[in-house]
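Peer 1: fold the following for me, if possible:
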Amino acid sequence: MRKFVKASLAAALLLLPMGAVHAAGVDDANAAVKAAREGKYDDAIRLFTSAINSDELNLSGRAQAYAYRGISKATLGDYDGASEDLNFSVALDSPYNADAYAFRGYIGLVTGGDAAKAASDLAKSASLKVWGYNALWLSLARMRAHVPDTDNVSLAANAMKLMDQWPMPVIRFLLGQADVAQVRMAANAGDPAKVNERVCDADFYVAEFNLAHGDKAGATPLLQHATQICPFASFERMGAAAELMRLK
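Peer 2: Numbers count the residues shown, from 1 in each chain. Modelled structure (predicted):
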């Protein structure tokens, strides 16, 4: 499920290589991913729970299952349950921890939790492994927490490690190297099949930037649009819904 780089529960088919665990745990986990892809989050939670309770997942697989169950709960608005599951995922201290810290930090960021704690989690994630989205999340958490972004996991430092592809236009925007119009132009260019995903990202991350700078009026319509166009099982869709609920 490593293709979580597009911030999606539904991005891959297997939690683990088949040889790593007994088939039942993997089958339940895969069925949970399929349910999440289809927006059936209650079914996904039930199936992830079955996989966890099977005692057949190895350490990394268990950490993944807790994390994905937590994200499914967050998608349904159960943020306390999501935080508990992500705490379990981190506490397992598995090779999956770069992701576990990233997802716990993200949930804290978009649900209005302790921004400094979210930034700390995301910095830990980036110190273990950097991809485009945990770099974005860390920068936004630090903005909201008023934490200097100047160390070796700063957005500027992380940008040097990433390929010049999406979501780099959003990263350049956060670095002050592009404006909103340029981000929108980049979002609408390239593979037509991915336009909605890129526009979703542009709306959501510009809205998050606005929120970090106290501009709720500018953020709200972007978040509303993101909830309409972002794919099911995407972090951006869940995050936009969480932010709108928090802003009520």
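
Peer 1: can you give me the helices in the chain?
Peer 2: 23-37, 41-53, 59-75, 79-91, 97-110, 115-128, 132-145, 155-159, 168-174, 180-187, 195-212, 216-229, 235-247 (DSSP state H).

Peer 1: got the domain boundaries for this structure?
Peer 2: What automatic domain parsing lists as the domains of the chain is 1-95, 163-248.

Peer 1: now the angle from the helix or strand bottoming out on mean pLDDT in the chain to helix 41-53?
Peer 2: Sorting the helices and strands of the chain by mean pLDDT, DSSP states H and E puts helix 23-37 at the bottom, at a mean of 86. With axes from the mean of the first three to the mean of the last three C-alpha atoms, to 10 degrees defining the directions, helix 23-37 sits at 160 degrees from helix 41-53.

Peer 1: next, the buried residues of helix 23-37.
Peer 2: Gly25, Val26, Asp27, Asp28, Ala29, Asn30, Ala31, Ala32, Val33, Ala35, Ala36, Arg37 (16 or more other C-beta atoms under 10 Å). Bear in mind the C-beta positions are built from the backbone N, C-alpha and C, glycine included.

Peer 1: then that helix to PDB, C-alphas only?
Peer 2: Written as PDB, here are the backbone C-alpha positions of helix 23-37 (Å, rounded to 0.1, in the frame of the first residue of the first chain):
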ATOM      1  CA  ALA A  23      -3.800 -15.600   3.900                       C
ATOM      2  CA  ALA A  24      -6.700 -14.700   6.100                       C
ATOM      3  CA  GLY A  25      -5.100 -11.600   7.500                       C
ATOM      4  CA  VAL A  26      -4.100 -10.400   4.000                       C
ATOM      5  CA  ASP A  27      -7.400 -11.200   2.500                       C
ATOM      6  CA  ASP A  28      -9.300  -9.200   5.100                       C
ATOM      7  CA  ALA A  29      -6.800  -6.300   4.700                       C
ATOM      8  CA  ASN A  30      -7.200  -6.400   0.900                       C
ATOM      9  CA  ALA A  31     -10.900  -6.500   1.200                       C
ATOM     10  CA  ALA A  32     -10.700  -3.500   3.500                       C
ATOM     11  CA  VAL A  33      -8.700  -1.500   0.900                       C
ATOM     12  CA  LYS A  34     -11.300  -2.400  -1.700                       C
ATOM     13  CA  ALA A  35     -14.100  -1.300   0.500                       C
ATOM     14  CA  ALA A  36     -12.400   2.000   1.200                       C
ATOM     15  CA  ARG A  37     -11.800   2.500  -2.500                       C
END
